[in-house]
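Participant: from the sequence below, what's the structure:
(2 chains)
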Number of protein chains: 2
Amino acid sequence: MPLSLPDGFSAQTLHAGLRDDGDDVAVIVSARPCSAAGVFTQSLFAGPSVALSRKRLDSGYARAIVVVAKNANVATGPQGARDAEEITALVASGLDIPPDDVLVASTGVIGRPYPMELLRATLSALPDAPFDADAVAVATSMMTTDTVPKTAVQAAGAARVVGMAKGVGMIEPDMATLLAFVLTDAAVEPATLDRLWRRAVDDTFNCLSVDTDTSTSDTAVVLASGAAGPVPEPALSVALREVCLDLTLQLARDGEGATKLLTVTVRGARDRPQAKRVAKAIVNSPLVKAAVHGADPNWGRVAMAVGKCRDDRDIDPDAVVIRFGDMEAYPNRPDDKGLARLAQIMSESHVDIEVDLGAGAAESTVYGCDLSAGYVRINAEYTT
Amino acid sequence: MPLSLPDGFSAQTLHAGLRDDGDDVAVIVSARPCSAAGVFTQSLFAGPSVALSRKRLDSGYARAIVVVAKNANVATGPQGARDAEEITALVASGLDIPPDDVLVASTGVIGRPYPMELLRATLSALPDAPFDADAVAVATSMMTTDTVPKTAVQAAGAARVVGMAKGVGMIEPDMATLLAFVLTDAAVEPATLDRLWRRAVDDTFNCLSVDTDTSTSDTAVVLASGAAGPVPEPALSVALREVCLDLTLQLARDGEGATKLLTVTVRGARDRPQAKRVAKAIVNSPLVKAAVHGADPNWGRVAMAVGKCRDDRDIDPDAVVIRFGDMEAYPNRPDDKGLARLAQIMSESHVDIEVDLGAGAAESTVYGCDLSAGYVRINAEYTT
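Facilitator: Numbering: from 1, shown residues only, chains lettered A, B, ... in the order given. The predicted structure follows:
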């Protein structure tokens, strides 16, 4: 089902040949300058495309985003920086806007330069392009090992908030994540947008983990065209959060090799960082994830994962309660009949684990998936 | 090939019925009190067996160890503490020694009480047992998902050092690991033994990781009977380290589902903790492990894993060198021919990754294995 972009935005997808079939380059553009905010990977090996986009967002404004699939442009040295500059210059020229208004993002193989001849030839066609791509076409063109395009939409007063995202492996965001682009026609100042964006990302993308590996290319950007005029800040805040949460759940369900959505909520923590730390230890444990995959009612692995947080000495194992859905597994341990019921709960397509630390009032929910042989298959043969 | 215990030690293995076939309980005893040292899991959910053994080692002396396979005695509440006490009392009675001289260790499923009726019946046979088990028989009786028993031996002057270990999943030791028991007939004071033991464990077991999950039952204990008299401290130190390293390599090679040994050495670090932190990020990355499994020359994932150590802002990506064996992969990136050679290197049964951070003189080597579909299979159906 097509999903139109908010007022003021248009997009074009192109086939440059980075993948054999289908479009692999997307260009999103606004009819006028947008308030813009972004968060990026904290990786020490962040690529030159990330560095360029981060620098250009310092102004609080942007107008276009170019996304290149299948190649991360990371660990590519000075050549990678020149290539990122040239790509944005080609897009700026094709759109007749200043290069400083163009952001660039890409994910894919690390350590290979962009195929610049292909990209130059493809981007030279921009001035004649119809710019009639919808959000689904853009999300589809960004995919690497994703099996489905991820989009989401919410109303915010008279405005719309439309999101597109990709990323199913190398996913342990920290301050930013994967590729996620959210567009809105709401009118909002850059400083306000930046504040709302960071809050939305922190509760959603930053609570997602597929495999503990942090991407070098994480980029989450929001652009606000203002075409729909101002909207109440709470409405925009909620819409941004809902769009990000919707995309986060889609990303978790499509985690590499995943067959199930796994959500973990930790309550009763001393503070939110503690709640998130414990929840991440559970959602990231390969043994918990493998048990969820096999619907093996081995709830003791959740206790093991809580125990890994050894710097949290204020957690008292005797005060901890572990539940799967509405079923308690610890301290009231299930008998054989209970284990059979637990296996049933774990065979659902969404497994929800709740842990109460009994130490305070803070909580955090994180999002992940099970660990399957499919994850290994995908990643044992990625570049060959 | 049988491996006899050092002078002064004897052992018996027994079948209590925790597993269908084969012995599942081991008792090791010394003819006289031993200097003893141990390190244990730092897990918040450490089990009552761990707590009891840790407390009893405060004296610096011990005389017997009882090992129960297939059941961790963790998250079992007050019943678990009573059971651990009773098992050591039964062993003490059977051997006619004080209960405080008996240590207990076990690994296996978390959250199930010991099958005490089976254990009482089995341990009551101890007084009539021949105590003729060798190190291989003891190591075999301790196995859970291990595919081979792990033993090692070294001379230390006139004395011998004999080690036994188990553990191939839930392996990310921190201060201690898995189950490892090392016996020597060297005469050595408890304080010296403790110092030598911690140093040996820190360089070996504590540099091992199969899956980032820290066991609730990690126990590494050394007993010195003194039957061979005193030996030079350097000889004992080297022999302890070599036995621990030998066992560590065997454990890594037998990691759940593993088909390859993976070693990672980080040099040129600011200090040893930084070297170990970066090396662990690489050896623990599921994407690096999956690439090693498939011999996929996707070296960029090593750069990604270095980049994850985002608190180490003094690491400059431009100063980093990445090698597989003797082949450089970054910054001099391999061409197509080079990638074919890299795939060849990665198809060996031992893959060695070396990273130079170019920031200092410290280094650390860590030990792990590849990630295979076998790991998922083993752990998706562990208790069912």
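Participant: just the CA trace of the lengthiest strand in chain A, in PDB.
Facilitator: Scanning chain A for the strand with the most residues, using DSSP state E, yields strand A:25-40. The C-alpha trace of strand A:25-40 is given here as PDB (Å, rounded to 0.1, in the frame of the first residue of the first chain):
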ATOM      1  CA  VAL A  25      19.700   5.000  -4.300                       C
ATOM      2  CA  ALA A  26      17.100   7.300  -2.800                       C
ATOM      3  CA  VAL A  27      16.900  11.100  -2.800                       C
ATOM      4  CA  ILE A  28      14.400  12.900  -0.600                       C
ATOM      5  CA  VAL A  29      14.000  16.600  -1.100                       C
ATOM      6  CA  SER A  30      11.900  19.400   0.400                       C
ATOM      7  CA  ALA A  31      10.400  22.300  -1.600                       C
ATOM      8  CA  ARG A  32      11.900  24.600   1.000                       C
ATOM      9  CA  PRO A  33      14.600  24.500   3.800                       C
ATOM     10  CA  CYS A  34      13.500  22.300   6.800                       C
ATOM     11  CA  SER A  35      14.200  22.400  10.500                       C
ATOM     12  CA  ALA A  36      16.300  19.300  10.900                       C
ATOM     13  CA  ALA A  37      17.700  17.200  13.700                       C
ATOM     14  CA  GLY A  38      19.800  14.000  13.700                       C
ATOM     15  CA  VAL A  39      21.500  11.500  15.900                       C
ATOM     16  CA  PHE A  40      24.400   9.300  14.700                       C
END
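Participant: strands paired with it, and their directions?
Facilitator: Within its sheet, and counting by DSSP bridges, strand A:25-40 is paired with strand A:9-14 (antiparallel), strand A:61-68 (antiparallel), strand A:219-230 (antiparallel).
Participant: now do it, average pLDDT.
Facilitator: The pLDDT scores in strand A:25-40 average 91.
Participant: ok now that strand, how far from the chain's centre?
Facilitator: 17 Å (CA atoms, centre = their mean, to the nearest Å).
Participant: packing partners of whichever helix or strand comes after that strand?
Facilitator: Counting by DSSP states H and E, the element after strand A:25-40 in chain order, helix or strand, is helix A:48-56. Other elements packing on helix A:48-56 under the criterion 3 or more CB pairs under 8 Å, 6 or more residues apart in numbering or on different chains; DSSP states H and E are strand A:25-40, helix A:77-95, strand A:102-106, strand A:219-230. Bear in mind the C-beta positions are built from the backbone N, C-alpha and C, glycine included.
Participant: which one of those is the most hemmed in?
Facilitator: strand A:102-106 (a mean of 27; mean count of other CB atoms under 10 Å in any protein chain shown).
Participant: what lies in contact with whatever helix or strand comes next after it?
Facilitator: Using DSSP H and E, the helix or strand that follows strand A:102-106 in sequence is helix A:116-123. Helix A:116-123 has contacts (CB atoms under 8 Å, 6 or more residues apart in numbering or on different chains) with A:14-18, A:25, A:66, A:68, A:83, A:86-87, A:90-91, A:94.
Participant: any idea which of those residues is the one closest to chain B?
Facilitator: Set against chain B, the nearest of the contacts of helix A:116-123 by CB to the nearest CB is A:D83 (14.5 Å).
Participant: mind listing what that closest one touches?
Facilitator: Neighbours of A:D83 in contact, by CB under 8 Å, 6+ apart: A:48, A:73, A:76, A:113-114, A:116.
Participant: using JSON lines, lay out those residues together with pLDDT.
Facilitator: What follows is these, written out as JSON lines (pLDDT from 0 to 100):
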{"residue": "A:P48", "pLDDT": "91"}
{"residue": "A:N73", "pLDDT": "89"}
{"residue": "A:T76", "pLDDT": "86"}
{"residue": "A:P113", "pLDDT": "91"}
{"residue": "A:Y114", "pLDDT": "95"}
{"residue": "A:M116", "pLDDT": "97"}
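Participant: using ChimeraX, define a selection of the buried residues within those.
Facilitator: In ChimeraX, a selection of the buried entries from the contacts of A:D83 looks like this (16 or more other CB atoms under 10 Å in any protein chain shown):
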select /A:48,73,76,114
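Participant: tell me which two of the contacts of A:D83 sit farthest apart.
Facilitator: A:P48 and A:M116 (13.3 Å; CB to CB).
Participant: TSV for the contacts of helix A:116-123, including distance to A:Q154?
Facilitator: Formatted as TSV, the contacts of helix A:116-123 follow (distance: CB to CB, whole Å):
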residue	distance to A:Q154
A:L14	28
A:H15	31
A:A16	32
A:G17	35
A:L18	32
A:V25	27
A:V66	25
A:V68	28
A:D83	36
A:E86	36
A:I87	31
A:L90	33
A:V91	28
A:G94	31
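Participant: looking at those, which is nearest A:L179?
Facilitator: A:V68 (10.3 Å).
Participant: hey, what's that closest one bridged with?
Facilitator: Residues in beta-bridge contact with A:V68 (DSSP bridges): A:V25, A:S106.
Participant: pull up the distance across stretch A:119-127, start to finish.
Facilitator: Length of stretch A:119-127, first residue to last, CA to CA, to the nearest Å: 15 Å.
Participant: what are the buried residues along it?
Facilitator: A:119, A:122-123, A:126.
Participant: present these as a markdown table; the columns should include pLDDT.
Facilitator: Conversion of the buried residues of stretch A:119-127 to a markdown table gives the following (pLDDT from 0 to 100):
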| residue | pLDDT |
| --- | --- |
| A:L119 | 97 |
| A:T122 | 96 |
| A:L123 | 97 |
| A:L126 | 95 |
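Participant: between those residues, which sits nearest chain B?
Facilitator: Once CB to the nearest CB is applied, the member of the buried residues of stretch A:119-127 that ends up nearest chain B is A:L119, at 19.3 Å.
Participant: show me what contacts the residue of the stretch 1-150 of chain A found nearest chain B?
Facilitator: Residue nearest to chain B within the stretch 1-150 of chain A: A:I110 (2.6 Å; CB to the nearest CB). Contacts were defined as CB under 8 Å, 6+ apart; by that measure A:I110 touches A:45, A:72, A:74-75, A:216, B:298, B:300-301, B:303-304.
Participant: and if we set it to 10 Å?
Facilitator: A:45, A:47, A:71-76, A:170, A:215-217, A:383, B:298-304, B:307, B:330 (CB atoms under 10 Å, 6 or more residues apart in numbering or on different chains).
Participant: so which of those belong to helices?
Facilitator: B:300-304, B:307 (DSSP state H).
Participant: buried ones in stretch A:18-27?
Facilitator: For stretch A:18-27, using 16+ other CB under 10 Å, the buried residues are A:18, A:23-27.
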